[in-house]
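Q: Predicted structure and sequence below. I'll ask about it afterward.
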Amino acid sequence: MDEFTLFALEAGSDQLHLTARVDRESGSATATAENICAAAESALDSYGMRILNERVFGTLDFYQTYTRIRRKHRKFVQNPCSYIQGTPVHGQGLSGIQIHAVKPFSDENPRILYDRKRPCGSVWRRQDTAYVYIAGLHGLQNGGRSRGEQAASMFEAMKRLLASQSTDFRSVVRTWIYLDDILEWYDVFNAVRRERFRSFGLIPSSAGGSSTVAVYLPASTGIGGRNPAGASCCGDALAVSGPVQVSVLSGMLQPSAYSYGSAFSRGICIEEKGYRQIFVSGTAAIDATGRSLYPRDAAAQIGRTLEVVESLIGEKGAKFKDIRSATVYLKKAGDLSVYEKLAGRLGLTNLPVIFVVADICRDELLFEMDALAVIDKAV
């Protein structure tokens, strides 16, 4: 058995999603990381693609080692990278890597986005459509001190960077937020996010806390995870603007997250000429009123979460086979066997998914999953 699995899945003719999942503990975490980077670089060369965004999950003590390794590879060396403490279910080092790659249209497209001379994302333009990725942004570098101040500073920095590319939060389709000690201050974070999103014009003043008022909010993952900078939170964001149609998934099996204080959508769909991309937010076993289901019952929570994910992507005609990238967050490493058993029964053993041990936003929740599905409308 190899120590990792590499998935290379296209999204249309000009985008590629690479997922490198570490499957077992090997004799050397360093050798595994080196082999992953070499295999990913080979795949990028084969498809003629360039990295737009790279997200890495691993232990914090492996960060410097991974940084040295990726500098050896020309496809990786200049690109910004989001490194999140995502403890492997097997041993130390990496849990896995997720790469969104795109077709380069020139030496400067895609190009790196800088914030005060620090690489913090990438920009890719395809005719009139622009993809803007913000990567690994945190509040400490922008003046934040308390946890709440850091969260506010992070969102304000995202807004500033989007403005530098002639866009704003109304074009953000997806965020990924990682919070140190999430269980201690998730309510504070949610309050800050609501206030910032209201100031950005995403939440009308008439909305209050009602789920009946139409509110556009990006899809999001909010999960426990430390970062190399030691900030209380860090985040990534993806904004897409141009001749695309963006719609919010209704999420019939769960209520609007906004109705109970979390400012995100259950999912977002982007319709482009040849295909649609369906971004599923971090999803857990929540009932129709927002309450946690099956407290501390991993098997039941996993089954319900998979049912909800299937329902969300199904709104736009997708199935599990259409998933291009996914992350599974486990509160307990031992519950991986529970997931694998259920996934085997459902025929989901080949999903391009990374497994990460992390705290989820409620203590009683043991499992969370996010995903990206893509449908080629020509098929």
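A: Cool, got the structure.

Q: okay, now the residue lying closest to residue 193 once chain neighbours are set aside: neighbour count?
A: Leaving aside its chain neighbours, residue 193 sits nearest to residue 263 (4.9 Å; criterion: C-beta to C-beta, 6 or more residues apart in numbering). All C-beta atoms are positioned from the backbone trio N, CA, C, and that covers glycine. Neighbour count for residue 263, taken as other C-beta atoms under 10 Å: 23.

Q: Check the secondary structure at residue 263 for me.
A: Secondary structure assignment for residue 263 (DSSP: H, G, I helix; E, B strand; the rest coil): coil.

Q: Check the contact between it and residue 189; I expect there is one.
A: No: using C-beta atoms under 8 Å, residue 263 makes no contact with residue 189, being 10.1 Å away.

Q: Show the contacting residues for the residue nearest to residue 193.
A: By C-beta atoms under 8 Å, 6 or more residues apart in numbering, residue 263 lies in contact with 190, 193, 194, 197, 202, 203, 217, 257.

Q: possible to save the residues you listed as CSV with neighbour count?
A: As requested, the contacts of residue 263 are exported to CSV (neighbours: other C-beta atoms under 10 Å):
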residue, neighbour count
190, 19
193, 25
194, 19
197, 21
202, 20
203, 21
217, 24
257, 22
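
Q: now, which of the residues you listed sits nearest residue 136?
A: Distance to residue 136, by C-beta to C-beta, is smallest for residue 193 among these, at 17.9 Å.

Q: before we move on, back to that, now, the contacts of residue 263 that are in helices?
A: Among the contacts of residue 263, the members falling in helices (DSSP state H) are 190, 193, 194, 197.

Q: what would these look like in JSON lines with pLDDT?
A: As requested, the ones in helices among the contacts of residue 263 are exported to JSON lines (pLDDT from 0 to 100):
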{"residue": "190", "pLDDT": "96"}
{"residue": "193", "pLDDT": "97"}
{"residue": "194", "pLDDT": "95"}
{"residue": "197", "pLDDT": "96"}
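
Q: can you map out the helices along the stretch 251-379 of the chain?
A: 298-314, 336-346 (DSSP state H, counting those that start in this stretch).

Q: re the thing from before, can I get the contacts of residue 263 in CSV with distance to residue 276?
A: Listed next are the contacts of residue 263 as CSV, based on distance: C-beta to C-beta, whole Å:
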residue, distance to residue 276
190, 29
193, 27
194, 29
197, 25
202, 22
203, 26
217, 19
257, 22
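
Q: right, so the helices of the stretch 251-379 of the chain: which one is the most enclosed?
A: helix 298-314 (a mean of 20; mean count of other C-beta atoms under 10 Å).

Q: which residue sits closest to residue 348 in space, ignoring its chain neighbours?
A: residue 320 (5.7 Å).

Q: what packs against the helix or strand harbouring residue 32?
A: Assessed by DSSP states H and E, residue 32 sits inside helix 29-47. With contacts taken as 3 or more C-beta pairs under 8 Å, 6 or more residues apart in numbering; DSSP states H and E, helix 29-47 sits against strand 4-10, strand 15-22, helix 63-70, strand 94-102.

Q: Quickly run through the sheet partners of the very next helix or strand once past that helix, with directions.
A: Per DSSP H and E, helix 29-47 leads on to strand 50-58 as the next helix or strand towards the C-terminus. Strand 50-58 has these partner strands in its sheet, going by DSSP bridges: strand 82-85 (parallel), strand 94-102 (antiparallel).

Q: between those strands, which gets nearest to residue 226?
A: Using C-beta to C-beta, those put strand 82-85 closest to residue 226, at 4.0 Å.

Q: just how off-centre is the closest one within its chain?
A: The chain centroid and the centroid of strand 82-85 are separated by 11 Å, computed with C-alpha atoms, centre = their mean, to the nearest Å.

Q: same check, this time on stretch 150-169
A: In this view, stretch 150-169 has its centroid 18 Å away from the chain centroid, taken as C-alpha atoms, centre = their mean.

Q: Give the buried residues for it.
A: Using 16 or more other C-beta atoms under 10 Å as the test for burial, stretch 150-169 gives 150-159, 161-162, 165, 167-169.

Q: Distance check, the residue nearest to residue 348 against residue 200.
A: Separation of residue 320 from residue 200 (C-beta to C-beta, to the nearest Å) stands at 34 Å.

Q: Then residue 234?
A: Distance from residue 234 to residue 200, by C-beta to C-beta: 19 Å.

Q: More neighbours: which of the two?
A: The residue with more neighbours, out of residue 234 and residue 200, is residue 234; 27 against 17, by other C-beta under 10 Å.

Q: that's a helix at that one, yeah?
A: No: looking at residue 234 with three-state DSSP, it is strand, so not inside a helix.

Q: what's the spacing between the closest residue to residue 252 other than its chain neighbours and residue 173?
A: Nearest residue to residue 252 in three dimensions, chain neighbours excluded: residue 311, at 6.6 Å (C-beta to C-beta, 6+ apart). Per C-beta to C-beta, residue 311 is found 20 Å from residue 173.

Q: what's the answer for residue 258, then?
A: Taken as C-beta to C-beta, the span from residue 258 to residue 173 is 16 Å.

Q: Ok, residue 287 next?
A: For residue 287, the distance to residue 173 (C-beta to C-beta) stands at 26 Å.

Q: Name the residue in those two with the higher neighbour count.
A: Legend: neighbour count by other C-beta under 10 Å for residue 287 and residue 173, higher for residue 173 (22 against 13).

Q: and the more buried one, what does it touch?
A: Neighbouring residues of residue 173 by C-beta under 8 Å, 6+ apart: 218, 219, 238, 239, 240, 246, 268, 270, 279.
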